[in-house]
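*Asks:* Here is my input, please return the structure:
(one chain, ligands or ions: 2)
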Amino acid sequence: MGFGPNIVERIARARADLRMGVPVVLDGGAMMFAVETLDQDRLNQLDDLTGVTLVITSHRAKTLHVTPYDSDLARIALPHDVDLNWIRAIADPADDLNAPMKGPLRSERGGDATLHRAAIALTKAARLLPAAIVVQLNNAQAFALTHNLTMVPADAALDQTMSPQHPIVAARLPIEVSEAGRLHIFRPEDGAEEHYAVEIGKPDRSQPVLARLHSACFTGDVLGSLKCDCGPQLRGALAQMGAEGQGVLLYLNQEGRGIGLTNKMRAYSLQDQGFDTVEANHRLGFEDDERDFRIGAEILRKLGFASVRLLTNNPNKVARMQESGIDVAERVALKVGENRFNHHYLATKAKKSGHLL
Ligand SMILES: Nc1nc2c(ncn2[C@@H]2O[C@H](COP(=O)(O)OP(=O)(O)OP(=O)(O)O)[C@@H](O)[C@H]2O)c(=O)[nH]1
Ligand SMILES: [Zn+2]
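*Replies:* Numbering: from 1, shown residues only. Ligands and ions are numbered 1, 2, ... in the order given. Okay, here's the model as predicted:
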């Protein structure tokens, strides 16, 4: 006991520290930096330390023609007197086409990559580019104390188990499709983004409810972007709930399939260079889809729903709900908003991500 932060809260601090460029100590023997926020001052100080590696995911390694000996990631020995721009270019594909040769890059093999894996997990949780500098430490605890750094156990960084979502407040919200709207706010214990549920009417909790798990898309939902189908899907789902007089729409703040808006814009910039939506995620070092749908299942349960008629074209979403204990009584197709700008995007999702056309 005590007043200090528990492990979940220390992970939350670690995310915030990394976003500011402050390194984090991994219990088990290392200090890590997110490459995206590493500054020249701190890089200079690394000159005095040994055992410094640059860690990238195997997707990013493939783009750079580096062998990922650890299957999911590659550890690259950092050359001496390395330039900050060189490190950033390994992590950030923005200039890949202008300056394709970054190497030769030698990746390390053998040894334990657990701390490196934990470092990548933390950069992703911080919604930064998935690339880290990892520095071996002999006495991690003393180092953290001396430099006033947040220390987290590597296994907790690796297994950031979904945090409980707590209902905070709900209030009546008449909207265009239904005057009987109600907005619920859910807050996770781990300091991450809040999520919202829009309840239409008074759905019977003993019957499957018409439901939509909508992932945030600032560009589509708010700006009316023509590059995706999110805006029409959001409004189409609400309209159907309004017409039926009941339903529940979860607005999950997992922007960009869980990589955050900044990284999604990096992906859009790569799409401007000719890569498709999946290739762009991979070149950045991400998986195709980094969302955690257990959050949606947990919120449905907290609202009293056990069974849904799920508005989606994504069979993976149906599978994730079933796995998380929510019965999908029916999949209801939601095909709206195709146009000449998103035609290729929708075709790619059908071909590579299994979406139903
Ligand atoms: N990373 C990335 N995310 C995107 C891109 N286009 C849209 N998104 C995000 O994708 C999410 C929506 O996912 P979709 O794949 O359209 O749909 P889905 O939720 O998997 O499936 P449906 O239920 O059928 O809509 C939102 O979070 C968007 O911000 C893109 O090109 N790259
Ligand atoms: Zn979208």
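*Asks:* How far does stretch 312-322 sit from its chain's centre?
*Replies:* 18 Å (CA atoms, centre = their mean, to the nearest Å).
*Asks:* Give me the residues contacting that stretch.
*Replies:* Outside stretch 312-322, the residues within contact range by CB atoms under 8 Å, 6 or more residues apart in numbering are 212-213, 289, 293-294, 296-297, 308, 310, 328, 331-335, 353-357. (C-beta placed from N, C-alpha, C; glycine too.)
*Asks:* Which positions in it come out as buried?
*Replies:* The neighbour-count check on stretch 312-322 (16 or more other CB atoms under 10 Å) flags Thr312, Asn313, Asn314, Lys317, Val318, Arg320, Met321 as buried.
*Asks:* Could you look up the SS state of the second one?
*Replies:* By that I understand Asn313. Assigned with DSSP: H, G, I helix; E, B strand; the rest coil, Asn313 falls in the coil class.
*Asks:* do the same with the last one
*Replies:* Reduced to three states with three-state DSSP, the structure at Met321 is helix.
*Asks:* picking that back up, just the buried ones from the contacts of stretch 312-322?
*Replies:* Buried among the contacts of stretch 312-322 by 16+ other CB under 10 Å: 212-213, 289, 293-294, 296-297, 308, 310, 328, 331-332, 334, 355.
*Asks:* now, among those residues, which is nearest to Ala113?
*Replies:* Asp289 (23.5 Å; CB to CB).
*Asks:* hang on, the earlier thing: dump the buried ones among the contacts of stretch 312-322 into a markdown table; add secondary structure and distance to Glu179 as well.
*Replies:* Putting the buried ones among the contacts of stretch 312-322 into a markdown table (DSSP: H, G, I helix; E, B strand; the rest coil; distance: CB to CB, whole Å) gives the following:
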| residue | secondary structure | distance to Glu179 |
| --- | --- | --- |
| Arg212 | strand | 19 |
| Leu213 | strand | 24 |
| Asp289 | coil | 36 |
| Phe293 | coil | 31 |
| Arg294 | helix | 33 |
| Gly296 | helix | 26 |
| Ala297 | helix | 29 |
| Val308 | strand | 24 |
| Leu310 | strand | 25 |
| Val328 | strand | 29 |
| Arg331 | strand | 29 |
| Val332 | strand | 23 |
| Leu334 | coil | 23 |
| His355 | coil | 34 |
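*Asks:* Confidence-wise, which of the residues you listed comes last?
*Replies:* Ranked by pLDDT, these bottom out at His355 (82).
*Asks:* Spatially nearest residue to that one (excluding sequence neighbours)?
*Replies:* Excluding its sequence neighbours, the residue lying closest to His355 (CB to CB, 6 or more residues apart in numbering) is Lys349, at 4.2 Å.
*Asks:* ok, now which ones touch Asp204?
*Replies:* Applying CB under 8 Å, 6+ apart, the residues near Asp204 are Gln246.
*Asks:* how long is stretch 329-345 from one end to the other?
*Replies:* Counting by CA to CA, to the nearest Å, you get 29 Å between the two ends of stretch 329-345.
*Asks:* What lies in contact with that stretch?
*Replies:* Stretch 329-345 has contacts (CB under 8 Å, 6+ apart) with 208, 210, 212, 226-233, 236-237, 240, 276-277, 307-313, 315, 318, 346, 356-357.
*Asks:* which bits of this structure sit near ligand 1?
*Replies:* Neighbours of ligand 1 within the chain, by CB under 6 Å from any ligand atom: 215-217, 228, 230, 233, 254-257, 259, 264, 267, 277, 281, 312-314, 317, 334, 349, 355.
*Asks:* any idea how far ligand 2 is from the most centrally placed residue in the chain?
*Replies:* Relative to the mean C-alpha position of the chain, the nearest C-alpha, by CA atoms, centre = their mean, is the one of Gly258, at 3.0 Å. As judged by CB to the ion, to the nearest Å, Gly258 and ligand 2 stand 13 Å apart.
*Asks:* wait, what's in contact with that residue?
*Replies:* Ser215, Asp289, Glu290, Arg291, Asp292.
*Asks:* go with 10 Å
*Replies:* Residues near Gly258 by CB atoms under 10 Å, 6 or more residues apart in numbering: 124, 127, 215-216, 252, 264, 281, 286-287, 289-293.
*Asks:* rewinding a little: present the buried residues of stretch 312-322 as JSON lines; the columns should include pLDDT and distance to ligand 2.
*Replies:* Shown next, in JSON lines, are these (pLDDT from 0 to 100; distance: CB to the ion, whole Å):
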{"residue": "Thr312", "pLDDT": "97", "distance to ligand 2": "14"}
{"residue": "Asn313", "pLDDT": "95", "distance to ligand 2": "13"}
{"residue": "Asn314", "pLDDT": "95", "distance to ligand 2": "13"}
{"residue": "Lys317", "pLDDT": "96", "distance to ligand 2": "15"}
{"residue": "Val318", "pLDDT": "97", "distance to ligand 2": "20"}
{"residue": "Arg320", "pLDDT": "96", "distance to ligand 2": "19"}
{"residue": "Met321", "pLDDT": "97", "distance to ligand 2": "21"}
